Every structure is written in C-alpha cells, then in structure tokens.
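[1] Give me a model of this one.
(one chain, ligands or ions: 1)
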Amino acid sequence: MRNAPELLSSHRCFGGTVGFYRHHSETCDGSMRFSVFTPPQAAAGPVPVLYFLAGLTCTEENFMVKAGAQRAAAQHGLMLIAPDTSPRNTGIPGEDDEWDFGSGAGFYVDATEEPWSRHYRMYSYVVGELPLIVAAHFPADPERTGISGHSMGGHGALVCAFKNPTRYRSVSAFAPIAAPTRSPWGQKAFPRYLGVDQESWKSYDASALVALGTIEPTMLIDQGMADPYLEEQLRIDTFEQACAAAGQSLLLRRQVGYDHSYYFIASFIDDHLRHHAEVLIR
Ligand SMILES: N[C@@H](CCC(=O)N[C@@H](CSC=O)C(=O)NCC(=O)O)C(=O)O
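    Residues are numbered from 1 along each chain as shown. This is a model prediction of the structure:
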C-alpha cells in the first residue's frame, strides 16, 4: 500500500469532514497537496467520488473554500477531491514567475519538454496516482467516479474524460478553456510543456479529442456570458460546434450576467453535484 498522505488540517463540515493533505508523488517527483470532503455517508461504507480540477493560480484550497459544494455533497453522499493545479517548489528556474505558466498552471498535461517533464505530469497524476491514493486511504468507491473543473481545470476534466471514457462516469465543467490550441493561454503553455509540434497539442485539446470518440452520458457545462475570458481564451462556441459535429451529447448553459469567478461557480455548483449524483448514485 502506498504511504498514507499526511493530514495537515481537518474541519467538521455538514456532518462530514474537510481535510487537507500532503504526500510524496512518484508521478510528479515531489510533494503534492490535495483536499478531500468526506460526506457523512462514508461512515457506512465506500461512497462515490467527484474530482474537481481548479483553474489558473489556484491551489487545493480554492474550490474547497469558495465553491460552497459541501452542503450538496453531504446531501448526496459524494466525496469531493480537489488536487493542487501543479507541482510546486521543484527548483525549476522561473517556475513562480508567471501566473499563467509554471506553478499554479500545470494545464493537466504530461510535459515532454525540459525542464518541465520531470515534475509537470499532472495528467498522469490526476488520472493515475491520485485515484490510487484515494482508493487506498479513503472510503471511496473508485467504480463510481466523476470529474469536473473550472477554466483550465474545466478543460482538464474534459480531457481526462475523453481520454478515459469508461473511468469517469459523469462529467461537467465551468467555463472551460475549451479549445486551448486556439487560445492565448494554451498557445503560451503548450509549446513549453509539449514542444513546438502542434500535432502533440491535439491530444490535450477537448475540441480535437471529441472527434476521436464521444462519451456518455450528457456532459453539463455552465458558461457565464459576462466572463471576460469568454471570446479570446475560452472559445466555448468552438467546443459546442465540435460536439455537434461528433454527435457528443452536451448540455451547455449560457448564464447571462455571470463572470469567471467562484461567485459564478457557487451559483451553479448544486446543479453540477446533482448531475453527478444522478449518474453515480443509484
Ligand atoms: N486575477 C485572477 C486571475 C486568474 C484567474 O482568474 N484565475 C481563475 C481561473 S482562470 C483559468 O484557469 C481562478 O479560479 N482564480 C482563483 C479564484 O479563487 O478566483 C487571480 O489572480 O486569481
């Protein structure tokens, strides 16, 4: 059994517990952190798990502190897992210099380029190592796993789902960077993580991956229409068109007046948890 993650703090919440953890990640070759909400139902046996991948500048704290997800998760009996958004303190020169690249901006890819490739393996960490740790040390049922996220993490959730169509049984996203190979954020990060050959970028672009195979059931996406990143960075229209062309079932809700913040996420998180619970809990 892998070493137990170290509990850093624990907080009673809606009859369950929020815990913040640190562990050594073999995949990222360094220390990683994640947070867990364990619902009260876990006292009686393993519960379904929802992974939430956060966005640029976030840590394992943002979602757990700001989204207000625990009340509904406790009602449904869903465990919530929120990993950090990148390795940190790796010693890579300049890793903390840019808010949209390096620390806090791992983009959920496995970097192939030096100096990032040794530590920045967030895709394998999220789909591989972290679920094994969760299954070994928490009352989680890995056969009932869903995934969601916001912005960079919303896109990460879509990529993890398209690449692992049977592992994630329910999928949703808030304001995902939906076509990163065509957005300034993606065009800045991908050459440095993945190299200049744009063919390699496609395996981390949900708007390209959907053409290779659709997933079930319907995915839920909320997008604020007052989001300042909507047109240039997020490109949800591109993803919507790619889904239509591929026959991907998508419930895309354009939310008038909402921006890119956690106020937006908190406004609709209950709908997302219900979306996941309807699939994961029978
Ligand atoms: N001023 C913001 C800029 C970065 C930002 O908006 N980050 C978003 C995600 S953007 C895409 O991945 C975010 O979730 N920020 C954290 C938060 O708690 O709102 C900033 O510096 O946060």
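[2] where does the protein come near the ligand, residue by residue?
    Counting by CB under 6 Å from any ligand atom, the residues of the chain close to the ligand are 55-58, 62, 66, 150-152, 260-262. Bear in mind the C-beta positions are built from the backbone N, C-alpha and C, glycine included.
[3] Would you write out the ChimeraX command that picks the buried residues out of those residues?
    Listed next is the ChimeraX selection for buried residues among the residues of the chain next to the ligand, using 16 or more other CB atoms under 10 Å:
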select :55,56,58,62,66,150,151,152,260,262
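[4] In helices, which of the residues of the chain next to the ligand appear?
    Among these, DSSP state H puts 62, 66, 152, 262 in helices.
[5] returning to that earlier point: identify the farthest-apart pair in the residues of the chain next to the ligand.
    The largest separation in the residues of the chain next to the ligand, counting by CB to CB, is between 66 and 152 at 15.8 Å.
[6] one step back: now render the ones in helices among the residues of the chain next to the ligand as JSON lines, adding distance to residue 182 and pLDDT.
    As requested, these are exported to JSON lines (distance: CB to CB, whole Å; pLDDT from 0 to 100):
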{"residue": "62", "distance to residue 182": "26", "pLDDT": "98"}
{"residue": "66", "distance to residue 182": "29", "pLDDT": "98"}
{"residue": "152", "distance to residue 182": "15", "pLDDT": "98"}
{"residue": "262", "distance to residue 182": "26", "pLDDT": "98"}
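[7] ok, residue 152 touching residue 109?
    No. The pair residue 152 and residue 109 fails to qualify as a contact (CB atoms under 8 Å) at a distance of 10.4 Å.
[8] so where do the strands sit in the stretch 1-150 of the chain?
    All strands of the stretch 1-150 of the chain, identified by DSSP state E, counting those that start in this stretch, fall at 6-13, 16-25, 30-38, 47-53, 79-83, 140-149.
[9] of all those, which lies closest to residue 172?
    Proximity to residue 172 (CB to CB) singles out strand 140-149 among the strands of the stretch 1-150 of the chain, at 4.5 Å.
[10] I'd like the average pLDDT over that closest one.
    In this model, strand 140-149 carries a mean pLDDT of 98.
[11] What residues sit buried inside that strand?
    140, 144-149.
[12] Same check on stretch 78-89?
    Buried residues in stretch 78-89 (16+ other CB under 10 Å): 78-88.
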